[in-house]
Each structure stands twice: as structure tokens, then as C-alpha cells.
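>>> coordinates only, sequence not included:
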């Protein structure tokens, strides 16, 4: 029986590139594997796939009765809806340990690094499998994306060394320039419906029984949001109601200024104020130095809810 | 700040030897670590410690505000009571993924092998740290214990290769003979109070909201239980009531006959019958070929409760 290798809902580049890279590795070591995805491919990911000549993995939402290898999450809210009816044979992830459980032993490659693809590179090394040029390119771009070209506080020396090694395999001389090209693609938000933007990189978390959605848009210059900020705010308020969420937060991250404006739709805005020790005005607040949802946004909020 | 390395409640040899071996490794790579334990050391573990000249790790029950590296479990029922107030920095385990969660990223070395110490050996190899002779002996014995000298269905080729490599480092020529010596120590049950025997290797599981305790005694010949079986049965019935448990099961495992007699104290014995497709008589049933709680006893029961 082939296993499916799948990242989280609303897949980012780490989820898509990781599924392709890990499925290739598994096939090389004699375990049949098929990469899949739980949602649309973002413009950034599409750019990466085209740059290295790959098709997007097959869209597959249901996994009941199947074997699944999970990439880039351990939160059930981010996993396939019927994950409890699947057999999870493995997990590769770089986030906090979420509420996914299994009924049989499995393998988990979880490390506190900047990107799941950095760990997948460790897996290639462990099994002694050579990384093909194109797959090295995918993995490298996923790491550059997740670490915001090494600027994110989640970035570790392991990530940097990994990108350098992958760039050599992929034959990319100036990987930072390729990273900037990628973030330029990501910054093109004009003409895209507000809901599509909010959902582009959106994750739900279960925080002490409260459902909290946190979206993030990383751009080179926050001014791209000037004309659409009101639309985004109206949309996150709607999204909060639709999903029965306690809060929806949208991070508008300026990767050059190295900080994020947070737009807030919440049943209780004071919890946000408490988490980040800030005073929002008109449900907006600037968080200086905040680039990482995982490391700088989720843990303080989790603590505030605890 | 030093981290504590600790196995599960009612520690077995894997938990104790693993804590010592992993703490040593962490110190070698520059991360200060102290091995601890959550309970008494079993006669088998005491035998191993004495054989290789080690003291038992310090008994420490509270970890609030501390950094903790968890060995051999991810079930909160088996973890320190105040684990939610600690920072879990890592997990090494070979069981199904339990309900432990964290609020920060961590490392998890989880593999579907027979023993946590097999994975700790992989960690030594990953970091390129030499295993001292005595620690190799501890690790080897833990693997021989968990895999029932390779007879358990949980045993993998990775475990066997690992024992062979560790035996060489430890300078043990006949590791199977040492394993049998160890199981002879384990088989000495006469004169020990029933409660001490039941608790010697006992784990609680949360099965779909029901607390289920499962104990296991592995011996060379089941006849050692002839005179005390009634006492054991009375004790597991009491233990069920005391803890508000749905069931307490005690596996009397004959490692030579390769099977287990299960003693049952349950609010609903039919769930046991359903799980293992057997018909208990007088709340006892023989499970032929069943040596592993983890692989052969827990998953079917989990499914029966689901």
C-alpha cells in the first residue's frame, strides 16, 4: 500500500515542497509514497514549482483507511478532516507539539529549526540518498521562505547550512536573489479578493478550548496594503463569525522593516493586549521585530489563554 | 539552566537507562543535563545498574519551571504531574503518539522500534559522540529487556544491530546469557507484596475518555504465580476502584512459552472480549503469542473503545 505524504491545510511552500521531497526520498528507500496537498497552491509556491519544473502534487482531501506521512504540523485543526480514520506512519515538523495522536507507533522527525525541509535534508543524509537537482531547489526555496531569507528568529544555523548545501546541489549561485524574487511574487496582492489574501497562509489553533485563526502575509513593503486594509479587516471579522472562532488575527509582515502590523478581530481584544504587552488602536497594532507566527505570535497568545 | 532527562512513571529499565544515557550525551554536546526518575527502580533495573556500576538517577517528581527532556512516553498520564508547567525541550520515544502537547517548538526522536535506547544510539551516532563502555551496557540491557531478548514482535532489525554494536562496546561476549540472567531476576516474585508486583511495570492509558491501567510481569515460567494469582486478582480489582479506572488488566507473560495470561478487572469485561476476540473465563484469558503490551495489547483495546 502506498503512503500519502501531505502537508497542512492551506499549504505553504514548506508543505508542498516538503511533500514532494519526502515522497521522493521514501520511494528511493523502497517505501512507495505519493505526495498530495490539502488545498490550493499559493502564487509563491507556484513560482517555485515552475522555476524547478515540477507539477503541484495531487489535491486529496480524504485519507480514511490510508497510510499518511504528515509534513509541517501536528495540530489536528491543520490536518486532513478524517485523519483519525487514517494510519499516521510518520511526522516531520518544526512546530510545537500539537494535539495529533495515533493508535500505533510511528516515526517523528521533529526539530526546533526554521523549516521542515531542513529536517527532510537530515533524513536524506540519514538514509544516504542523493538529492536530485530540482528537488534540492524546491527544498532550498521552502527554507528561504520559512526563514524569511534567514531574517526570522526561527532561523537556525542548521537552516543556513542546509540552504548553502542545497544551493550547491541545485546549481544556484545567488540564492538570496532568488529568495527576493520569491518574496516579490508573494508581495503582489493587488487585484486578489480579500478572502483569498486572508486565507493564503492561515492556520487555526486550539488555544485552551478556544479556536483562534492566525493569518500572515509577508511582503517587501507594507504600502501594498494601503488601499485594501479596510477590506481585510471586514473579512477577518466575517471569518471570525463564520467559524465560531474566538479571534482571527492577520499579520501584515514587512520583511524589510522587520516587523508586523497585526489586524485584530476578537471576542476579547484584551487577551491580545495581554499576550504582546501592547495597546491596539482601532484593532490594529504594530509589533516591532515580529516576523514569526510560530515563535513570536503563537506562544505568547497560548500563554495568555492558559 | 540544566535540563532534566526523565522517563515515565513507574520507570522500567528503558526509562532509567535511557535517562542516564541521554543525559550523558547531552552533556557531551554542551547541553547541561541531569538524569532523574519518577519512581522506584525495579529489581531488574537495579541488577543492570549494579552490573555496570551506576547509581540510580535522583528521584524527582516536580518539574514546574524546569526544562525537561522526556524519555519513553508521550502520554500525559505517564508524565510528571506538573508537566504542563515545565518546558518540554525534547522527546525520545518508540510508542504511539500520545496526548502530550507543548507551547514551544521542540525536538522529537520517535521511531517505531523496540526500545527508546535504540533511538538514543542513533542520537549518539548523529552527534558523533563515543558511547562509554558502562553506558553501552545499560543501553544494551534496556533493549534486551524491552524486546524480550528479540522475541517480542516489537523487535526490529535496528534493535538487534544496536544490541550487537553495544555489546561490542560494552565488552559483553554472550549478551543473550546476560539477558536471561536479567529475566531470572525479573522472575523472582515470591515474597513481594501483590501491589508491588502489579505496579512493577504498570501504565495508565486514556482510551476515549476512559482510564485503563495495564500491568505486565514477564517471567521465565508462569508457575511462579500459582500461589499468588488470587492475591493479584484481588489487588487489581482494588486498584481499579481506587483510581476510578474503567479497567485494570494484568499481563502475566511467559517469555519461554511466548504468550500471556491476562487477569481482568473491568467495569465491562465484554470490551476485552471484543478487543482480543476471546472469551475470558473467571476473568482470566490466555493470549497466545502475546508478548508486547505496546503492539499487541494497547492498539486492539484502543480500537475497541473508539
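Arrived safely. In this text the structure is predicted, and so the values were computed from the model without any measurement. Numbering: from 1, shown residues only, chains lettered A, B, ... in the order given.
>>> from memory residue A:102 sits against residue A:88, does it?
Yes - Residue A:102 is in contact with residue A:88 according to Cβ atoms under 8 Å; the separation is 4.8 Å. All C-beta spots, glycine's among them, are computed from the backbone N, C-alpha and C.
>>> any shared contact partners between these two?
Any residue near both residue A:102 and residue A:88 by Cβ atoms under 8 Å, 6 or more residues apart in numbering or on different chains counts here, and that gives residue B:97.
>>> Residue numbers of the stretch 151-300 of chain A in contact with chain B?
A:154, A:294-295, A:298-299 (Cβ under 8 Å from any Cβ of the partner chain).
>>> Out of those residues, which is nearest to chain B?
The closest of those to chain B turns out to be residue A:299 (Cβ to the nearest Cβ; 5.3 Å).
>>> Mind naming the longest strand for chain A?
In chain A, with assignment by DSSP state E, the single longest strand is strand A:210-219.
>>> Identify each buried residue in that one, please.
Within strand A:210-219, the residues that qualify as buried by neighbour count (16 or more other Cβ atoms under 10 Å in any protein chain shown) are A:211-219.
>>> Show me what that strand packs onto, helices and strands only.
Strand A:210-219 is packed against helix A:175-187, helix A:194-199, strand A:202-207, helix A:229-242, strand A:247-254, helix A:298-305, with contacts defined by 3 or more Cβ pairs under 8 Å, 6 or more residues apart in numbering or on different chains; DSSP states H and E.
>>> Between helix A:298-305 and that strand, find me the angle.
Angle, strand A:210-219 to helix A:298-305, by axes from the mean of the first three to the mean of the last three Cα atoms, to 10 degrees: 150 degrees.
>>> so residue A:269 touches residue A:283, yeah?
Yes - contact status for residue A:269 versus residue A:283: in contact at 6.6 Å, counting by Cβ under 8 Å.
>>> what's the spacing between the residue nearest to residue A:201 when sequence neighbours are not counted and residue A:209?
Closest residue to residue A:201 apart from its sequence neighbours, by Cβ to Cβ, 6 or more residues apart in numbering or on different chains: residue A:216 at 5.0 Å. According to Cβ to Cβ, to the nearest Å, residue A:216 and residue A:209 sit 23 Å apart.
>>> what do you get for residue A:134?
44 Å.
>>> between these two, who's got more neighbours?
Between residue A:134 and residue A:209, counting by other Cβ atoms under 10 Å in any protein chain shown, residue A:134 is the more crowded of the two (18 against 7).
>>> now the strands: where do they sit in chain A?
Using DSSP E, strands in chain A cover A:3-6, A:33-37, A:58-59, A:67-71, A:87-93, A:107-110, A:202-207, A:210-219, A:247-254, A:259-266, A:284-288.
>>> Distance to residue A:232 added to those strands, as CSV?
Formatted as CSV, the strands of chain A follow (distance: least, Cβ to Cβ, whole Å):
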stretch, distance to residue A:232
strand A:3-6, 29
strand A:33-37, 25
strand A:58-59, 26
strand A:67-71, 28
strand A:87-93, 29
strand A:107-110, 33
strand A:202-207, 12
strand A:210-219, 9
strand A:247-254, 6
strand A:259-266, 6
strand A:284-288, 11
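>>> Can you say which of these is packed in most?
strand A:3-6 (a mean of 27; mean count of other Cβ atoms under 10 Å in any protein chain shown).
>>> Of all the residues in stretch A:188-197, which ones are buried?
Result for stretch A:188-197 [16+ other Cβ under 10 Å]: buried residues A:189, A:194, A:197.
>>> how about TSV for the residues you listed, with pLDDT added?
Below are the buried residues of stretch A:188-197 laid out as TSV (pLDDT from 0 to 100):
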residue	pLDDT
A:189	90
A:194	96
A:197	95
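>>> got the helices and strands packed on strand A:210-219 as JSON lines, with distance to residue B:37 columns?
Converted to JSON lines, those look like this (distance: least, Cβ to Cβ, whole Å):
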{"stretch": "helix A:175-187", "distance to residue B:37": "47"}
{"stretch": "helix A:194-199", "distance to residue B:37": "48"}
{"stretch": "strand A:202-207", "distance to residue B:37": "32"}
{"stretch": "helix A:229-242", "distance to residue B:37": "47"}
{"stretch": "strand A:247-254", "distance to residue B:37": "41"}
{"stretch": "helix A:298-305", "distance to residue B:37": "29"}
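>>> tell me the angle the longest helix anywhere in chain A makes with strand A:33-37.
The residue-count maximum for a helix in chain A (DSSP state H) belongs to helix A:13-28. Angle of helix A:13-28 versus strand A:33-37, following the same axes, to 10 degrees, is 170 degrees.
>>> close to chain B, is helix A:13-28?
No - using Cβ under 8 Å from any Cβ, we find that helix A:13-28 stays clear of chain B, coming within 13.7 Å at best.
>>> tell me what that helix is packed against?
Using 3+ Cβ pairs under 8 Å, 6+ apart, helix A:13-28 sits against strand A:3-6, strand A:33-37, helix A:43-52, strand A:67-71, helix A:116-127, helix A:133-146.
>>> closest one to chain B among those?
The nearest among those, by Cβ to the nearest Cβ, is helix A:116-127 at 7.8 Å.
>>> Could you pull out the buried residues of that closest one?
A:116-124.
>>> What average pLDDT does that helix get?
Here helix A:116-127 scores 98 as its mean pLDDT.
>>> and the closest residue to chain B within the stretch 201-306 of chain A, how many neighbours does it have?
Closest residue of the stretch 201-306 of chain A to chain B, Cβ to the nearest Cβ: residue A:302 (4.6 Å). Neighbourhood size, residue A:302 [other Cβ under 10 Å]: 20.
>>> returning to what we had before: between the buried residues of helix A:116-127, which is nearest residue A:180?
Closest approach to residue A:180 among those (Cβ to Cβ): residue A:117, at 18.9 Å.
>>> give me every residue that touches the nearest residue to residue A:197 once chain neighbours are set aside.
In this structure, residue A:197 finds its nearest non-sequential neighbour in residue A:189, 5.7 Å apart by Cβ to Cβ, 6+ apart. Listed by Cβ under 8 Å, 6+ apart, the contact set of residue A:189 reads A:197, A:217, A:219, A:224-225, A:228.
>>> Between these, which sits nearest residue A:140?
For the contacts of residue A:189, the nearest to residue A:140 is residue A:219 (21.3 Å; Cβ to Cβ).
>>> for that closest one, which residues make a bridge with it?
residue A:254 (DSSP bridges).
>>> sorry, back to before: could you dump the buried residues of stretch A:188-197 to a markdown table with distance to residue A:170?
Formatted as a markdown table, those follow (distance: Cβ to Cβ, whole Å):
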| residue | distance to residue A:170 |
| --- | --- |
| A:189 | 28 |
| A:194 | 36 |
| A:197 | 30 |
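>>> ok, those vs chain B, which is closest?
Using Cβ to the nearest Cβ, those come closest to chain B at residue A:197, 26.8 Å.
>>> Could you count how many residues lie near the spatially closest residue to residue A:274 that is not a sequence neighbour?
Nearest non-adjacent residue to residue A:274, counting by Cβ to Cβ, 6+ apart: residue A:304, 4.8 Å away. Using other Cβ under 10 Å, residue A:304 has 16 other residues around it.
>>> what is the mean pLDDT for stretch A:153-165?
Here the average pLDDT along stretch A:153-165 is 97.
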